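need a structure here:
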Amino acid sequence: MLFPSYRPRRLRKTKSIRKIIQETDLSVSDFIYPMFVIPGNGVKEEITSMPGIFRYSIDNTIKEIKEIKELGIQAVLLFGIPEKKDEHGSEGYNENGIIQKALRKIKEEIKDIVLITDVCMCEYTSHGHCGIVKDGEVENDETLQYLGRMALSHAKAGADIVAPSDMMDGRVGVIREVLDENGFQNVAIMSYSAKYASAFYGPFREAAHSTPLFGDRHGYQMDPPNIREALREISLDIQEGADIVMIKPALSYLDVIKAAKEEFDYPIAAYSVSGEYSMVKAAGRLGWVDETKLMMEILTSIKRAGADIIITYFAKDAASILNPSKR
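Model prediction:
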């Protein structure tokens, strides 16, 4: 059918018409809200490079979660910032660590919220790397036992889902085995399967105080030009027992999200990372873009590419638009 018989603009004539033929439906239930938990009481520190995002003490974390629940957001991803760090990241698997305390307290006070925890050593190690370091190198196999201990401590404290983000080979299988052996068969694993060595992580590293003291993470995070490698990583994680697989970052890796969706019949998560958030916020504050429209366009593109789950710092702002009656 060709013009003039066929006129695609007929179905763009009004907002109502556009809505009824809309192919991609962005929903509040798609979102996971990342949060940074720190020691103390009554603490709410804004992160300089992430306007509107804060580090919260446990009491304020609970208040914030209650607010986002009112907006319809059903899940949070928790990152812990400990009082002290050491070479082995021991606060990460300490039963009285910041995340473990937060999980127990949130479970006591809030029902029906999905609690997901980041399982990685970078926030807890004095050197800032995601594993055990020997002679300037991150030791893959030795790190696995520590990640297993951390995941188990989170499960014991009440995590519904653990999310290993370290990119060590074999860590999903080790974590699944440790959880199962200790009676936590029902705790799910959301694996950072294709986590790229990206320049978009800068603001997060300020937020979590996790910048490496030496070198970089290119030796274990993925090389940005590669997509076939990402599919191999995802396949390995599924074989090892991952329940959800993740691509990170999202915006510059929409092709990876699409390829993963086409290749695997598994829930696909995408992490719209700190740099993506901060760019939009900065350009919006300078008046260069319409911040709200750009935010919604980016989130829609991530969903359109194939993500079932979107981890985003925009979750609250987007939820307020998608559910205006809940504001």
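
what's the neighbour count on the nearest residue to residue 95 once chain neighbours are set aside?
In space, residue 95 comes closest to residue 153 once its chain neighbours are excluded; the distance is 5.8 Å by C-beta to C-beta, 6 or more residues apart in numbering. For every residue, glycine as well, the C-beta is placed using N, CA and C. Number of residues near residue 153 (other C-beta atoms under 10 Å) recorded here: 22.

doesn't residue 96 make contact with residue 153?
No: counting by C-beta atoms under 8 Å, residue 153 does not reach residue 96; the two are 9.7 Å apart.

so which elements touch the worst-scoring helix or strand of the chain on mean pLDDT?
Least confident helix or strand, the chain: helix 202-208 with a mean of 76, by mean pLDDT, DSSP states H and E. Using 3 or more C-beta pairs under 8 Å, 6 or more residues apart in numbering; DSSP states H and E as the contact definition, the elements that helix 202-208 packs against are helix 274-285.

ok, now with 10 Å
With contacts defined as 3 or more C-beta pairs under 10 Å, 6 or more residues apart in numbering; DSSP states H and E, the packing partners of helix 202-208 are strand 31-37, strand 54-56, strand 75-80, helix 274-285.

so which of those comes closest to residue 125?
Each of the helices and strands packed on helix 202-208 was scored for nearness to residue 125 using C-beta to C-beta, and the closest is strand 75-80 (12.6 Å).

so how far is the next helix or strand after that closest one from its chain's centroid?
Heading C-terminal from strand 75-80, the first helix or strand you meet, by DSSP states H and E, is helix 98-109. For helix 98-109, the separation from the chain centroid amounts to 19 Å (computed by C-alpha atoms, centre = their mean, to the nearest Å).

can I get the next helix or strand after helix 98-109 in PDB, CA atoms only?
Stepping forward along the backbone from helix 98-109, the first helix or strand reached (DSSP H and E) is strand 114-119. Output for strand 114-119, consisting of C-alpha atoms alone and laid out as PDB, is shown next (Å, rounded to 0.1, in the frame of the first residue of the first chain):
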ATOM      1  CA  VAL A 114      11.800  -6.500  46.900                       C
ATOM      2  CA  LEU A 115      15.300  -6.000  48.500                       C
ATOM      3  CA  ILE A 116      18.200  -6.500  46.100                       C
ATOM      4  CA  THR A 117      21.800  -6.200  47.300                       C
ATOM      5  CA  ASP A 118      24.900  -5.400  45.300                       C
ATOM      6  CA  VAL A 119      27.500  -8.200  45.900                       C
END
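
packing partners of the longest helix belonging to the chain?
Selection of the longest helix in the chain by residue count, based on DSSP state H, yields helix 140-157. Helix 140-157 makes packing contacts with helix 98-109, strand 114-119, strand 132-134, strand 161-164, helix 171-181 when contacts are defined by 3+ C-beta pairs under 10 Å, 6+ apart.

for the ones you listed, which one sits closest to residue 315?
strand 114-119 (12.8 Å).

name the residues that touch the least confident helix or strand of the chain?
Defining contact as C-beta atoms under 10 Å, 6 or more residues apart in numbering, one finds that helix 202-208 is touched by 34, 36, 38, 45, 47-51, 53-55, 79-81, 118, 120, 122-124, 128, 201, 210-212, 271, 273-279, 281, 313.

for the closest residue to residue 222 other than its chain neighbours, what are its contacts?
Distances taken as C-beta to C-beta, 6+ apart put residue 196 closest to residue 222, at 4.6 Å, once the chain neighbours are dropped. Under the criterion of C-beta under 10 Å, 6+ apart, the contact list for residue 196 reads 167, 217-218, 221-226, 230, 247-249, 252-253, 256, 273.

give me the buried entries from the residues you listed.
A residue is treated as buried here by neighbour count (16 or more other C-beta atoms under 10 Å); on that basis the buried members of the contacts of residue 196 are 167, 217, 221, 222, 230, 247, 248, 249, 253, 256, 273.

show me those residues that map onto helices.
When DSSP H is applied, the buried ones among the contacts of residue 196 are split such that 230, 256 fall in helices.

quick one: least confident of the buried ones among the contacts of residue 196?
When those are compared on pLDDT, residue 217 comes out least confident, at 66.

which residues does residue 252 contact?
In this structure, residue 252 makes contact with 196, 198, 199, 200, 224, 273, 275, 276, judged by C-beta under 10 Å, 6+ apart.

reformat these as a markdown table; add distance to residue 161.
Putting the contacts of residue 252 into a markdown table (distance: C-beta to C-beta, whole Å) gives the following:
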| residue | distance to residue 161 |
| --- | --- |
| 196 | 22 |
| 198 | 23 |
| 199 | 28 |
| 200 | 23 |
| 224 | 27 |
| 273 | 19 |
| 275 | 24 |
| 276 | 22 |
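
out of those, who's nearest residue 162?
residue 273 (19.4 Å).

surely the closest one touches residue 34?
Yes: counting by C-beta atoms under 10 Å, a contact exists between residue 273 and residue 34, whose distance comes to 9.1 Å.
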